[in-house]
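Visitor: Need a 3D model of the sequence below.
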Amino acid sequence: MTTLHDTQQRDSSSAVSFATAPSGTYAVIVAVFCGLLLISNIAATKTITVVDGLPEFVGGGIFTDGGAFLFPLTYIVGDVLAEVYGFRQAKRAIWVGFALGALASLTFLAVGAAPPGPGYENQDAFVAVLGFVPRIVLASLCGYLAGQILNAYVVVKIKERLIGLLVDGASQVLKVPVSTIEAAPDEVTEIDTTAIRGVAKLTGRLIILMDLTKTLALELREEADEAT
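Guide: Presented below is the predicted three-dimensional model:
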């Protein structure tokens, strides 16, 4: 029997690992993500004055909408989903938010178009607040979908990049003047020099300068050759 907390097998050879899904925490994060999105869409129907009385050539002031309070948080939560669960699960949450946003818009449209019941005097106010122009809603949903998916993709790609190196320790730190660096002699070039940038003579010693990026590339290539 499969339960909500069953986990998937993770490829041990993968350089980047993500938490498995679905899980209870993942469901809560998706719920928060969709809730922030829906609340922001409703709050965005009101325009807010931030600064008024500015010159006309700058628009007379600084104005925004109510969605500015919470909508930025959807990108933060989206980053958490992409960083922890990977692109596939983040994209799933984005599509859920898109579907709920579209459903909410269609529901408000249908409710606004329905004739009000006896004694209901807020029909015009309801339509003014929750009514919408179809083209604007379509553009908003498409912009949300493209922006969130691209944001999640970038977050995952940045995580997949090798951005650091952890070593056990360093016995000594040397400051090598550029003027002392020269091409590697024959004794050194007899080995693979792909990752060697040059050598420097310092206090009677011959210091070999390595290109860290190329060194790591060679290590990864050797590991791949051994795996195959």
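
Visitor: going forward, measure contacts and count neighbours with C-alpha atoms only.
Guide: Noted.

Visitor: How is this protein divided into domains?
Guide: Domain assignment of the chain by automatic domain parsing yields the ranges 24-160, 178-227.

Visitor: I'd like to know which of those is closest to Q172.
Guide: domain 178-227 (12.3 Å; C-alpha to C-alpha).

Visitor: one step back: reformat the domains of the chain as a markdown table; add mean neighbour count, mean pLDDT and distance to A170.
Guide: Shown next, in a markdown table, are the domains of the chain (neighbours: other C-alpha atoms under 10 Å; pLDDT from 0 to 100; distance: least, C-alpha to C-alpha, whole Å):
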| stretch | mean neighbour count | mean pLDDT | distance to A170 |
| --- | --- | --- | --- |
| domain 24-160 | 15 | 90 | 26 |
| domain 178-227 | 12 | 73 | 15 |
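
Visitor: biggest helix in this protein, by residue count?
Guide: Longest helix in the chain by number of residues, with DSSP state H as the criterion: helix 71-113.

Visitor: ok so, going back, I'd like to know which of the domains of the chain lies nearest to S171.
Guide: Closest among the domains of the chain, using C-alpha to C-alpha: domain 178-227, at 14.1 Å.

Visitor: which residues sit in contact with the residue of the chain positioned farthest from its centre?
Guide: Farthest-out residue of the chain from its mean C-alpha position, per C-alpha atoms, centre = their mean: G204, at 50.5 Å. For G204, no residue meets the contact criterion (C-alpha atoms under 8 Å, 6 or more residues apart in numbering).

Visitor: ok, V77 - contacts?
Guide: V77 neighbours (C-alpha under 8 Å, 6+ apart): I29, F33.

Visitor: can you give me the helices in this protein?
Guide: 24-43, 71-113, 123-130, 134-160, 186-189, 212-227.

Visitor: Output these as CSV; include the columns distance to V176.
Guide: Formatted as CSV, the helices of the chain follow (distance: least, C-alpha to C-alpha, whole Å):
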stretch, distance to V176
helix 24-43, 50
helix 71-113, 39
helix 123-130, 68
helix 134-160, 32
helix 186-189, 19
helix 212-227, 16
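
Visitor: Tell me which of the domains of the chain sits nearest to S17.
Guide: Per C-alpha to C-alpha, nearest to S17 of the domains of the chain: domain 24-160, 8.4 Å.

Visitor: Distance from the closest one to the middle of the chain?
Guide: Between the mean C-alpha location of domain 24-160 and the chain-wide mean there is a distance of 17 Å, by C-alpha atoms, centre = their mean, to the nearest Å.

Visitor: what's the first-to-last distance across that domain?
Guide: End-to-end span of domain 24-160 (C-alpha to C-alpha, to the nearest Å): 25 Å.

Visitor: Kindly report the same for stretch 66-74.
Guide: End-to-end distance (C-alpha to C-alpha), stretch 66-74: 14 Å.
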